[in-house]
Structure formats: C-alpha cells, structure tokens
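Participant: structural data only, the sequence is not supplied:
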C-alpha cells in the first residue's frame, strides 16, 4: 500500500475501511503536492481523522465511477481542479486546446466542460440524500450570477446549476474542517449556513436580515449597469475584517454569501504545509508519462497567500483575498530540506513565492484592524503613502534556503511586483535578486504602457517599469552577467483602443523589446476587468469603457505588439491606416513597418540587443 489516499475500492479495503467519510471528486489527475488544492484539502481532512477517498477524473457518461467507493458517510466534495475547466479546455479565441497540463500524458477530454456542475448533478441523481459541497476556483469565482465568456451570456450562481448544498469559496481549509466536524457531530448540511467563507441557496422567505443585497440575477441579466453595480458590491465586501454578507435573488431562491473566512495564521499555514504530501503524481500515471502540471512546481515552495496588488484582470483578490499572510521561516526551511532529499532533486529550487513572490506582510498597519481600503488599491496608480515596503525578512529566508547543503540555486519565478520593490529604500534585496535568484530571465508584468489602459488594469504607470528596468540592467552590468527581462504584455484589455495599442507598439520599438508571446485579455469569471468587458462600464466610476470584442479588432491589437513579424504586416498596416498613423509606415527609424512588403526584414534570430554600459554589457529583452 502506498502513502497516497485511496483511489480505488481495493485501496480502501486494504486500509481496513468499509466506507469513507468523504469522496473527493476532482477534474484533475491526482497529484499529491501542496500546489494542488485537492491535495491540501484531502490531507487536511485526513489529519483531522477523517477517511477520504479521491475520485479523479471520473467518467461522467456513466454511474460506475461515482459509485466506486459506495455511499460516503458524510458528503461528496467536488472541484473542477486547479483551474477552471473552461479555461483548461479553450483558448481566448474559444478554440480547443491540444494539451491539458493537469491530466496524465497531457491528454484532453478527461473532464467535462463546466466540470463542477456536471459532477455535482451526477452525484445528486445517484445519491440524492448525500450532501454535496463544491469548492475550488471554478466554484469560488462563479458563486454569484456571472458573465460567461464561452456562452456569451450571464449565468446564475453555480449553486443553482450544480444543485449543490453548500459552496466553499476562497482558500478552504478552515471551512472544510468546521464543516466536517459539524457533519460528524450529527448536524445536517442545512445547519451549516453560518460558516464563514461559504455560500448557500435558500427560499427567499428564509433570507437572513443581515448583510447587503446586490442586484438580482434577473436584473443583472437584463441590465449591464445593474451587473456593474453587483460586481462592485461583491468585490468591495471581499474582506475578512469589514466584509458583510451578500445576498442575490435568483427567482424564488436567495443566494447568500457569508463574510469571508479569515485567512490562515502563520501557525495554521505552517501546519498545512507540514502534512505528509508525496509531492508527486499517483504512480498509476507513470505508464502515461506522468502529469505535466507538476513539472513547474515540483521543486517550488509557497511562502505566502493573498495579494494586495489586486490587478483588475486577476481573480486572486476575489478568491484568496488581498490580505497577505505568510509561513514562518522555519516552516519554509523544513520544506526546502525535504526537497533536497528527493531522488530527482538536482540542486535547483525553482521558486520561493506565491501570488506575488516579494510580499511578506500586509501593505500597512491600518488594515490589520480595519481591513483593506474599500475601492482603493495599495500600489496603483501610485503607491499609497501608508505603504510599508520591506524585503528584509524575505531576503533572510532566501539567504537561508540557498545556504542549505545540496542547494545550488534558488530562483524566483512566481512574479515580482517591481513597483513595490522600488518603494524599498534599501536596495540589498534588489541587488541579491539580480545576483542570485534570476535564471537568466526575470519575468515581470508591465502589461501595457498607456496610462489610460493601465488605470483600467489597476496597474502602475509605465514609468515604474522603466525605472525598474534601468536599475535591473545597471545591477546586472555591475556583476557582469548576461540576464534579460521578459515583460508580460496584454492586448485588448478593456480600455485599450487602437491608438493605445499603437502607443504600445511604438514603446516596444523604442526600447528594442520584441515579445515572443502576447496574451489577449481573457474574460474569466470573478474579475473587475471581465465586468468592464461585458458591460462596457467601469464598475467604480460607471463611465463607459471601450472594449475590442470582435476577433478582427482583437487581432489588430495583438498584431501591433508583434509589428516586426512579417506575418503581421497586413494587420499592422490596416491598424495604422485606420488610426491615420501614416507617419509609422515607411522607411524611417521610427516606422513600425516599411512601405513595401519586400523591404520588410525578418527579425534577427537572437531576441536580445546588446548595449554597451559602463561596466560589462546590458541586455534588454525584446
């Protein structure tokens, strides 16, 4: 018997179990690693004394897999997996993806579209009297009426479509513990409507008096301004200190979201990450080549949760929250030591990070008592005057990890907020980042250069990126290293007009940046940017926002970011002519394209340009 949780009736019986307390259904292959939510929740339940079986990627076309373990004593727990099933299946162009990183062998088709609802309805048909509790990213971000990009319509709360009894939103450890213990104590699932960090549906006549009500499903479906108002209420109350319960009527039912569960304390996080994870995919997948999704995180360490950066296009703020909590140094060191003892460890720890790698504490003291400011951001458009930027604790952890025996290098790959980094008056961390923690390329996310677009993104203005890049290359040159910056850029974000896209193309040419990949804005549930995309309104000002929606308009903006590619010349030329920017067509140094296709040269093979500096060479990624 291996140390993974049971995945078959045979595994269950070998443990001496005649039944399980919970059957945990996931749309992912079974990977027992703390970067996978399914692994954390099942290990937490196991540590609290519950018997848990994992039903991974069941065949939803029949009942056979769903009855594999028999009727669970307490409940079915259901998630689509680490990411939304629709995002897992479709590109932003709504084309089928060719690889599923969370399935053995990368094979597509092992989970259904809208997996949470499909699994939940299947279980409800077979075991109508067994509680069904849904959670994970797909459920969490669809807990209210929401715009669905793939069907291009407003859908009701996933609680309605899934027929689940309870929804856990956000990071669910404390919710699942309280839920399990109370079910085990004899309470029914309908008695659990007071658990923070959960949502449920009741008859409108049973609506609680407390909290705030947002526009109903019928209203947000009929009116885009009502949708925008509902979105703002939902975002603003996502705070564990000052957040109120939220209610949204769906016909004769009322969806009720309790206030958020407080984030785990340092002691609780340390406990969660100390559980006996195998840090591997289940051995059954070996014959299929394993599960690709573990490769990036196998030797990575998560040291924090939450993100006060709160970009408008990112769902982290609506899922994890903006309040940052962290693990202790000792806990991180202990995990690093475990990594060095793994047979496949080659000396490289790929990341010590999280949603934002260089956040180690809340952004200011005020929020510890009062919560994060409603309707404001800590870093954008400019850093708050109360921001406390300090990397000393994070730097101490990195130094200790890289000093461990068998550790050759510790990288940071999960993202640096360079605008926060610039606020630290002590540049020691910045210098050591450049010297010790960059694997040749540092990925950062300026996303755009237009101030108007960056404001809609909730990002700092481009001057912060320019300042950061200048200092980055200065420090790189001083230690005679050949390192690059890889800027993430996004096309067609709400607010980005054709003129804005041209401005970005000109900026990229001026700085010799040639992005190899460009991300089109992807309207996923639960973000402010998706609200702007669907409604054409900024929910915080109710002013109109331009959105490129047709495939052709989006293609024009995307092509401009890669203006240098001969394949894009026709689109770039059309965009420039449409914007009457004839000054950018021709043979001049500032032109984006030549006036003749035959004169347009292919980009150089190398994607960097050396620039002589005072000390050594500087390289700008392009």
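Facilitator: Arrived safely. None of these values were measured; they are calculated from a predicted model.
Participant: against residue 507, how distant is residue 158?
Facilitator: Separation of residue 158 from residue 507 (CB to CB, to the nearest Å) stands at 40 Å. (Glycine included, C-beta is placed from N, CA and C.)
Participant: again with residue 291
Facilitator: Residue 291 is 39 Å from residue 507, by CB to CB.
Participant: tell me, how many residues neighbour residue 70?
Facilitator: A count of nearby residues for residue 70, using other CB atoms under 10 Å, gives 14.
Participant: pull the contacting residues for the residue lying closest to it once chain neighbours are set aside.
Facilitator: In space, and not counting its chain neighbours, residue 70 is closest to residue 19: 6.1 Å by CB to CB, 6 or more residues apart in numbering. Residues near residue 19 by CB atoms under 8 Å, 6 or more residues apart in numbering: 51, 69, 70, 71, 72, 73.
Participant: ok, residue 291 and residue 507, which is more surrounded?
Facilitator: Ranked by neighbour count (other CB under 10 Å), residue 291 and residue 507 place residue 291 first, with 24 against 18.
Participant: per-residue confidence for the more buried one?
Facilitator: Note for residue 291: predicted pLDDT of 97.
Participant: circling back to that earlier point, selection in PyMOL covering whichever of the contacts of residue 19 are buried, please.
Facilitator: Selecting only the buried entries of these in PyMOL, with 16 or more other CB atoms under 10 Å as the criterion:
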select buried, resi 51+69+72+73
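Participant: would a markdown table of the contacts of residue 19 with secondary structure be doable?
Facilitator: Listed next are the contacts of residue 19 as a markdown table, based on DSSP: H, G, I helix; E, B strand; the rest coil:
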| residue | secondary structure |
| --- | --- |
| 51 | coil |
| 69 | coil |
| 70 | coil |
| 71 | coil |
| 72 | coil |
| 73 | coil |
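Participant: since we're on the closest residue to residue 562 other than its chain neighbours, how many residues are nearby?
Facilitator: Spatial nearest neighbour of residue 562, chain neighbours left out: residue 568 (5.6 Å); criterion: CB to CB, 6+ apart. As a burial measure, residue 568 scores 20 neighbours (other CB under 10 Å).
Participant: now the helices for the stretch 301-450 of the chain?
Facilitator: Applying DSSP state H, counting those that start in this stretch to the stretch 301-450 of the chain gives helices spanning 316-319, 329-340, 366-370, 392-402, 418-422, 428-436.
Participant: of those helices, which is nearest residue 286?
Facilitator: Closest to residue 286 of the helices of the stretch 301-450 of the chain is helix 329-340 (CB to CB; 20.6 Å).
Participant: can you give me the buried ones in the closest one?
Facilitator: For helix 329-340, burial by neighbour count (16+ other CB under 10 Å) applies to 329, 331, 332, 333, 335, 336, 339.
Participant: what does stretch 6-25 give?
Facilitator: 6, 7, 11, 12, 20, 21, 22, 23, 24, 25.
Participant: equivalent analysis for stretch 213-232, please.
Facilitator: Buried-residue list, stretch 213-232, by 16+ other CB under 10 Å: 214-217, 219-221, 224, 226-232.
Participant: out of the residues you listed, which are inside helices?
Facilitator: 217, 219, 220, 221, 224, 226, 227, 228, 229, 230, 231, 232 (DSSP state H).
Participant: leaving out sequence neighbours, find the closest residue to the last one.
Facilitator: It stands for residue 232. Nearest one to residue 232, counting by CB to CB, 6+ apart, is residue 539 at 4.1 Å.
Participant: re earlier: ok, the residue nearest to residue 562 - contacts?
Facilitator: Contacts for residue 568 (CB under 8 Å, 6+ apart) come out as 559, 560, 562.
Participant: shouldn't it be within a helix?
Facilitator: Yes - the assignment for residue 568 is a helix, going by three-state DSSP.
Participant: mind pulling the model confidence for it?
Facilitator: 95.
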